[in-house]
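[1] Give the three-dimensional model of this entry:
(one chain, ligands or ions: 1)
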Amino acid sequence: MNRSFRLLAPAFALAAFTVPLSAAEKGKPNVLLIVADDLGWGELGIQGFSKDIPTPHIDALAKGGVRFTSGYVSGPYCSPTRAGLLTGRYQQRFGHEFNPGPNPSPEAKFGLPLSEKTLADRLKPAGYATGWFGKSHLGNEPEFHPQKRGFDAFYGFLGGAHTYLAVEGGAARNSILRGTEPVKDIDYTTDAFAREAVAFLDQKRSEPWFVYLPFNAVHGPLEATEKYLARFKDIADPKRKKFAAMLSALDDAVGTVVGKVREIGQEENTLIFFISDNGGPTASITSGNGPLRGYKSQTWEGGVRVPWIVNWKGRIPAGKVDDRPVIQLDIFPTVLAAAGVEAPADGKIDGVNLLPYLTGEKAGAPHEALFWRFGPQIAVRKGDWKLVKAQGARTEKDGKEEPSTTEGAHLYHLTNDIGEQNNLADKEPEKVKELATAWDQWNRDNVPARWLPGKRAGARKSATESVTDTQSVASPKGPWKSGDVVEGTDAPNVANHGFTVSAEIEPFAANGVIVAQGGAANGYSLYLDEGKVTFALRAGGTLSSIVARESLPEGRHKVEAQISADGAVKLLVDGKLAGEGKAAALLKRQPREGLTVGSDGKGAVGEYKAPYQFSGKVENVSVQVLE
Ligand SMILES: [Ca+2]
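    Numbering: from 1, shown residues only. Got it, this is the predicted structure:
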């Protein structure tokens, strides 16, 4: 089919005529690229794991097309995978390895580097109308605006997350924009993005179109309207109920837009993709990853394997389930091939055109191997095998600035062990070597990260100002959960007082911070160290650490540190004394740095490297100051 498209390739020439041609007459298919945010592999009816949230519209896309069960994204976080998606290149090729935080300096600005061309940049000269409806997360500065990156129309927001309901006012830096103008009075954002996409399709009847529809659903904050909440009266867990409502809204929105494509008679002329941008952050929003290990932020399967659906009625098989590994980078060359646009000569595309694999023209796997690099976390999948170094295992005590290497990586046979439980590195040294060599070779073409996550040089930031996209500003009183952040000045005032820190935890790994406030000079932290509950107190720089005698057994536990007014510390696990000691001194002043749950903030209180992310559930956290 490429050949027949190429006959029509000089789209400029066609566009020069004033006679309007329908997309079909031009021979160019439309492209609808739907991206869900933080939707885990275990969600959606069609994935077959979670049964409590029906998703008939997304399921219908899979039933009418091909569902890849080993569909990946090239990172465990929002911004990097979106950079890969829109360029068809591993984002480490151009330094977009991490989520952009605030600018590191006035000169170095975060955003999809201008050296890179987006899919819209490629499609626009071929006569495509291009629209972007939803989240960007590829730079807040004017030069990174979607309409500077090949898109005719934009309705959405530039940041990494957005409230769904209270849109007016508030986050002035991150308003909902129509083009570059802040919008007031919008609907629930999920509904609004679908509505805007539909309006765009209504306008573009005479030209092929590319609609990029990156919903912020089901990313936090957990917010839904009564219309959707009412569908889940039977779900008791309030968090799950809201998540269900948000996913149901997303499913409706997909149904609305796909319904419009059908209504305008373009169903057989539209290539549709549905993916998630990274795995589910299960602890914070319940978004599940089924049997996969780990979650968003990790290179375990749970962080990078996502729902992955492609649909093109009449052109690719319907109802097919395909377990060959594919990656979101493939969408770029697949779309270009469908559109009859030559792949760019001025940049190496890492993705593969999937059309011949979808139609059966080509057998075998599209990729010899797939690769990940996220600071010290690395992974490579080759056939059934995966070599991985992920948070919660060998990199646990490392910081993000540690070098990326395969040294000490685990080896898993994914086909037999999808949950990455049985590390075969010692048994299969040759396989380790083969995958490590492949990774090293791939990594040679990468560049250093242009920025580090959450770093901002030269500026003192408050805890809530620097909230990352897995964190949220919480009530000063608590109880708190993983991802919650409270300003230092708002957190319970523990200076010159005894206090009690308690939490319910279900760890997936042996190390990580449960709750912390302050830093290396002044603060406290309750954390796990090699499986043992540990309480660290820094008073005037002096560190006192009290460690439980035994490792925590598996499962869910209540853990508590009681600090008396005389500095005596007791550790309790499920109400039983698990360790005791004495702190050198009480805190003389309230720590300035914020309180963080599930990680430590900027400066580490204990003998670990911040953020020392906790892997697993942290809930019902509270700090009670003793009178
Ligand atoms: Ca995301």
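
[2] Just say helix, strand or coil for residue 206.
    Secondary structure assignment for residue 206 (DSSP: H, G, I helix; E, B strand; the rest coil): coil.

[3] Tell me where the stretch 151-300 of the chain is predicted with low confidence.
    Scanning the stretch 151-300 of the chain for pLDDT under 70 picks out 166-173.

[4] same deal with the chain?
    1-26, 101-108, 166-173, 346-347, 392-401, 454-473.

[5] For the helix or strand where residue 243 lies, buried residues please.
    According to DSSP states H and E, residue 243 maps onto helix 238-263. By neighbour count on 16 or more other CB atoms under 10 Å, the buried set for helix 238-263 is 240-258, 260-261. Where C-beta positions appear, they are placed from N, C-alpha and C, glycine not excepted.

[6] For the closest residue to residue 37 other than its chain neighbours, grab the count of nearby residues.
    Distances taken as CB to CB, 6 or more residues apart in numbering put residue 219 closest to residue 37, at 3.9 Å, once the chain neighbours are dropped. Neighbour count of residue 219, defined by other CB atoms under 10 Å: 28.

[7] Make sure residue 198 is indeed in a helix.
    Yes: assessed with three-state DSSP, residue 198 lies in a helix.

[8] you'd agree it is up against residue 256?
    Yes: under the criterion of CB atoms under 8 Å, residue 198 makes contact with residue 256 at 6.3 Å.

[9] picking that back up, list the residues that contact the residue nearest to residue 37.
    Neighbour list for residue 219: 37, 38, 78, 135, 161, 285, 469 [criterion: CB atoms under 8 Å, 6 or more residues apart in numbering].

[10] In three-state terms, how would it be classified?
    coil.

[11] Kindly report the same for the one 10 residues further on.
    Local secondary structure at residue 229 is given as helix here, using three-state DSSP.

[12] Surely it is in contact with residue 241?
    Yes: counting by CB under 8 Å, residue 229 touches residue 241, with 6.6 Å between them.

[13] For the closest residue to residue 445 other than its chain neighbours, which residues are in contact?
    Distance criterion CB to CB, 6+ apart; nearest residue to residue 445, sequence neighbours excluded, is residue 93 at 6.3 Å. Residues in contact with residue 93 (CB under 8 Å, 6+ apart) are 348, 350, 445, 446, 447.

[14] Residue 129 now?
    152, 153, 200, 204, 207, 208, 209, 210.

[15] Which one of those is nearest to the ion?
    residue 210 (21.5 Å; CB to the ion).

[16] Could you check stretch 217-237 and say which residues are buried?
    217-225, 228-229, 231-232, 235.

[17] List just the nearest of the residues you listed to the ion.
    Among those, and counting by CB to the ion, the member closest to the ion is residue 219, at 5.6 Å.

[18] Now residue 545: which helix or strand?
    strand 542-547.

[19] name the helices or strands packed onto that strand?
    Packing partners of strand 542-547 (3 or more CB pairs under 8 Å, 6 or more residues apart in numbering; DSSP states H and E): strand 532-539, strand 568-573, strand 576-582.

[20] Verify the stated contact: residue 523 with residue 516.
    Yes: counting by CB under 8 Å, residue 523 touches residue 516, with 6.8 Å between them.

[21] So for those two, which sits in the more crowded spot?
    Using other CB under 10 Å, the more surrounded residue of residue 523 and residue 516 is residue 516, with 31 against 27.
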